[in-house]
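Visitor: Fold the following.
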Amino acid sequence: MAQKFGNARWVKEGYFDNRTANVVVGQITFAALGIVDVCLAGSLTGEVEGKVIQFRNPNFLDDPYAGELLDDFAIPLLGKVSLFSFDPHPLLSPHPYFEWFSLDQQHYRIELEPSAAWVVAESEWALITEKSQRIREALISRLGPFVS
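Guide: This is a model prediction of the structure:
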């Protein structure tokens, strides 16, 4: 079953960093959970390959009910990239779509409004480099055979 994080309303903000080949790291701030580190095997493709994506959800709802539904949520988030795109389907209007599978094959996705995510300019990458490096060093070994 896919977890869509309460139609993204429980997702406040975050980033994904694919500057290292075959791994995506980042952080997502969730209602009730706070900041959660992310480490995913795989690379982004298309317009976001090798880039840093940042997002901020204008529809965020700091709902205490989120804690009840996310209480068994794996922290940190470890898994494998499926699809990260700003134009995920030819029959839908372009919008940010982030999808991955956890190590135990749980399906996760975040869909946002078109203006809620952007590719970070290279001139601003330094602001997240230290966080990304810390996450990568702490978590990449936990991905096991998924990382090539």
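
Visitor: Can you classify residue 21 by secondary structure?
Guide: Counting by DSSP: H, G, I helix; E, B strand; the rest coil, the backbone at residue 21 sits in coil.

Visitor: Contact partners for it?
Guide: Contact analysis of residue 21 by Cβ atoms under 8 Å, 6 or more residues apart in numbering lists 43, 50. Just so you know, the C-beta spots here come from the backbone N, C-alpha and C atoms, and that holds for glycine as well.

Visitor: Let me see the backbone angles for it.
Guide: phi -60, psi 140 (degrees, to the nearest 10).

Visitor: For it, give its distance to residue 92.
Guide: Shown here: residue 21 relative to residue 92, a distance of 29 Å by Cβ to Cβ, to the nearest Å.

Visitor: ok, residue 36 - how many residues close by?
Guide: For residue 36, the neighbour count with other Cβ atoms under 10 Å is 17.

Visitor: Let me know the helix or strand that it is in.
Guide: Using DSSP states H and E, residue 36 sits in strand 34-41.

Visitor: so after that strand, what's the next helix or strand?
Guide: Heading C-terminal from strand 34-41, the first helix or strand you meet, by DSSP H and E, is strand 52-56.

Visitor: What is that following strand packed up against?
Guide: Using 3 or more Cβ pairs under 8 Å, 6 or more residues apart in numbering; DSSP states H and E, the elements in contact with strand 52-56 are strand 11-17, strand 117-119.

Visitor: The longest helix that the chain contains versus strand 34-41: what angle between them?
Guide: Assignment by DSSP state H gives helix 126-139 as the longest helix of the chain. Note on geometry: by axes from the mean of the first three to the mean of the last three Cα atoms, to 10 degrees, helix 126-139 and strand 34-41 are set 70 degrees apart in direction.

Visitor: which residues of this structure score low on pLDDT?
Guide: Judged against pLDDT under 70, the low-scoring parts of the chain cover residues 1-7, 147-148.

Visitor: related to what we said a few turns ago, got the CA positions of the strand holding residue 36 in CSV?
Guide: What follows is strand 34-41 as a C-alpha-only set of coordinates in CSV (Å, rounded to 0.1, in the frame of the first residue of the first chain):
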residue,chain,number,x,y,z
GLY,A,34,10.0,16.6,12.8
ILE,A,35,13.1,16.3,10.6
VAL,A,36,13.7,12.8,9.1
ASP,A,37,17.0,11.9,7.3
VAL,A,38,16.6,10.1,3.9
CYS,A,39,19.1,7.8,2.1
LEU,A,40,18.0,6.1,-1.1
ALA,A,41,19.9,3.9,-3.5
